[in-house]
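Chemist: Build the 3D model from these lines:
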Amino acid sequence: MNHAEILKQIIEQRRSIFPKDYSETEISQKILDEILHSATLAPNHKRTKPWRFKIFRGEEKAKLAAEMQAIYKATQPEHTFLEKKYQDIGFKINKADAVASIVVNFSGMVPEWEEIAAVSMAVQNMYLTCTANNIGCYWSSPAIVNQLKESLTIEENQKCLGLFYMGKMI
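Modeler: Residues are numbered from 1 along each chain as shown. Predicted coordinates:
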């Protein structure tokens, strides 16, 4: 197969694969580095490189799960609180081998939408690299990520656009 055919096949195979379909097998650091490197190759106007990713694994990932569950519990009125949703938040994060926060850094040099678009292209590169390496992944943007500003050390000119879950497929 030539490069165009291989690329077409990867694009056609790209899907959101959810943590329930991840195995317990770890993603190698080499592949994680490759996934993040591919993100940095996304086009971005004036070379602002507006993406900021933080990888959560192991204990840090467990703390993220507990924090997101606590945020959900604290922000939901009692009559709308769903125990299943609360449990799902922890399950998804803990079942993934790695979770990356997706943060856009607004430079002020270009319109904000351009920097959000650049970050979106960076995430697409991550999706394609995961697909090429048989890594399941998906981008989730629950409203509670807006409460993660402190744990993600989000600055005034930044915004969390969600979390990117990754795991080896069953």
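Chemist: give me the low-pLDDT residue ranges for the chain?
Modeler: 149-150 (pLDDT under 70).
Chemist: Show me what the longest strand along it packs onto, helices and strands only.
Modeler: Ranked by residue count under DSSP state E, the longest strand found in the chain is strand 158-168. Applying 3 or more C-beta pairs under 8 Å, 6 or more residues apart in numbering; DSSP states H and E, one finds that strand 158-168 contacts helix 83-95, strand 98-105, helix 112-132, strand 135-140. All C-beta spots, glycine's among them, are computed from the backbone N, C-alpha and C.
Chemist: And the contacts of the third one?
Modeler: So the one you mean is helix 112-132. Contact with helix 112-132 is made by 10-11, 13-15, 34-36, 38-45, 48-51, 100, 102-107, 135-137, 139, 161, 164, 166, as judged by C-beta atoms under 8 Å, 6 or more residues apart in numbering.
Chemist: Of the helices and strands packed on strand 158-168, which is nearest Ile170?
Modeler: Closest to Ile170 of the helices and strands packed on strand 158-168 is strand 135-140 (C-beta to C-beta; 8.5 Å).
Chemist: Show me what that closest one is packed up against.
Modeler: Short answer (3+ C-beta pairs under 8 Å, 6+ apart): strand 135-140 packs on helix 112-132, strand 158-168.
Chemist: nearest to Asp21, of those?
Modeler: Once the helices and strands packed on strand 135-140 are compared by C-beta to C-beta, strand 158-168 is nearest, at 7.9 Å.
Chemist: got the angle between the closest one and strand 98-105?
Modeler: 160 degrees (axes from the mean of the first three to the mean of the last three C-alpha atoms, to 10 degrees).
Chemist: Output strand 158-168 as PDB, nothing but the C-alphas.
Modeler: Output in PDB follows, covering the C-alpha atoms of strand 158-168 (Å, rounded to 0.1, in the frame of the first residue of the first chain):
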ATOM      1  CA  GLN A 158      -6.500  29.200  29.000                       C
ATOM      2  CA  LYS A 159      -9.500  27.000  28.900                       C
ATOM      3  CA  CYS A 160      -9.900  23.200  29.400                       C
ATOM      4  CA  LEU A 161     -11.700  21.700  26.300                       C
ATOM      5  CA  GLY A 162     -12.000  18.300  27.800                       C
ATOM      6  CA  LEU A 163     -10.200  15.000  28.500                       C
ATOM      7  CA  PHE A 164      -8.700  12.500  26.100                       C
ATOM      8  CA  TYR A 165      -9.000   8.900  27.300                       C
ATOM      9  CA  MET A 166      -6.600   6.300  26.000                       C
ATOM     10  CA  GLY A 167      -6.300   2.500  26.500                       C
ATOM     11  CA  LYS A 168      -5.300  -0.600  24.700                       C
END
